[in-house]
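A.B. asks: Have a look at this prediction, sequence included:
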Amino acid sequence: LYIAFSGGLDSTCLLYMVSEYVKLYTSHQLTAIYIDHGLQADSTAWLDHCRRQAESLNVAFISRRVKVSREKKGLESAAREARWAVFRDILNKNPGAVLLLGHHVDDQVEILLLRLLRGSGISGLSSMSNTSTHAGISVCRPFLFIQKKQLFDWAKSKSLTFVTDSSNLDNQFDRNYLRNIVIPKITDRWPSAARSIGKTIQNLQSDWHHLVVYAE
């Protein structure tokens, strides 16, 4: 089992929960992967923080520094491609390996809105699934039905420390604009919006699955 570990709230909760589960119920090897995109001045400090967190839980730790090319694609897209190149390189050497990601309901909402604005069809609007295969890698997202506030409250109850990426406040990026400006206005008006949109995504996934099965 591998965890994409940035040191932020989501992946920190995931690391602590999965490490406890592995310790109690399985004999799987758990490894945390930290990727330094070289885009933040604090990335070295984040690397040290993540290494210490992993060591405190007796979790194996891997770090990789990548070069993010901005020539042909936007920064977010280029960083994502660089991350997945590392994940492929590590996991493809270990048949049967699974990559765990800390995406939650709030991430689903952002993706749905972005793809809606881009005119995506059912497949795109289905957003992320709990289990999937990406670039030949088995992927699992255990938090997809959990809201970020629930993770924050849990981390607080456990006195967990995590890093905060200041770039998440830069609203020139589409996801940050949705997260910091658009979605708060939606939830002010409709407090249960995240849960409702999450149900919509589940319905879309079910519809897409039935279409694929019917086509086959």
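C.D. replies: Looks like it came in fine.
A.B. asks: Tell me which stretches of this structure form strands.
C.D. replies: Counting by DSSP state E, the chain has strands at residues 2-4, 31-36, 60-65, 98-100, 131-134, 137-140.
A.B. asks: what lines up beside the third one in the sheet?
C.D. replies: It stands for strand 60-65. Sheet pairing of strand 60-65 (DSSP bridges) gives strand 31-36 (parallel).
A.B. asks: give the contact list for the closest residue to Ser132 other than its chain neighbours.
C.D. replies: Leaving aside its sequence neighbours, Ser132 sits nearest to Val139 (CB to CB, 6 or more residues apart in numbering; 5.1 Å). (Glycine included, C-beta is placed from N, CA and C.) The neighbours of Val139, taking CB atoms under 8 Å, 6 or more residues apart in numbering as the test, are 98-101, 131-133.
A.B. asks: Kindly state the pLDDT recorded for Val139?
C.D. replies: pLDDT, Val139: 95.
A.B. asks: phi, psi of Leu57?
C.D. replies: phi -100, psi 10 (degrees, to the nearest 10).
A.B. asks: Could you report the neighbour count for the nearest residue to Ala78 once chain neighbours are set aside?
C.D. replies: With sequence-adjacent residues excluded and distances taken as CB to CB, 6+ apart, Ala78 is closest to Val68, at 4.9 Å. Counted by other CB atoms under 10 Å, the residues lying close to Val68 total 17.
A.B. asks: residues contacting Val68?
C.D. replies: By CB under 8 Å, 6+ apart, the contact set of Val68 is 37-39, 75, 78-79, 82.
A.B. asks: try it again with 6 Å
C.D. replies: 37, 78-79, 82 (CB atoms under 6 Å, 6 or more residues apart in numbering).
A.B. asks: Against Leu160, how distant is it?
C.D. replies: Using CB to CB, to the nearest Å, Val68 is found at 28 Å from Leu160.
A.B. asks: now Ala32
C.D. replies: As for Ala32, its distance to Leu160 is 14 Å (criterion: CB to CB).
A.B. asks: who has more neighbours, those two?
C.D. replies: The neighbour comparison of Ala32 against Leu160 (other CB under 10 Å) goes to Ala32, with 28 against 16.
A.B. asks: Count the residues that sit near Asp188.
C.D. replies: Asp188 has 9 neighbouring residues, counting by other CB under 10 Å.
A.B. asks: In contact with the residue lying closest to Ala60 once chain neighbours are set aside, which residues?
C.D. replies: Nearest residue to Ala60 in three dimensions, chain neighbours excluded: Thr31, at 4.1 Å (CB to CB, 6+ apart). For Thr31, the contacting residues are 2, 60, 62, by CB under 6 Å, 6+ apart.
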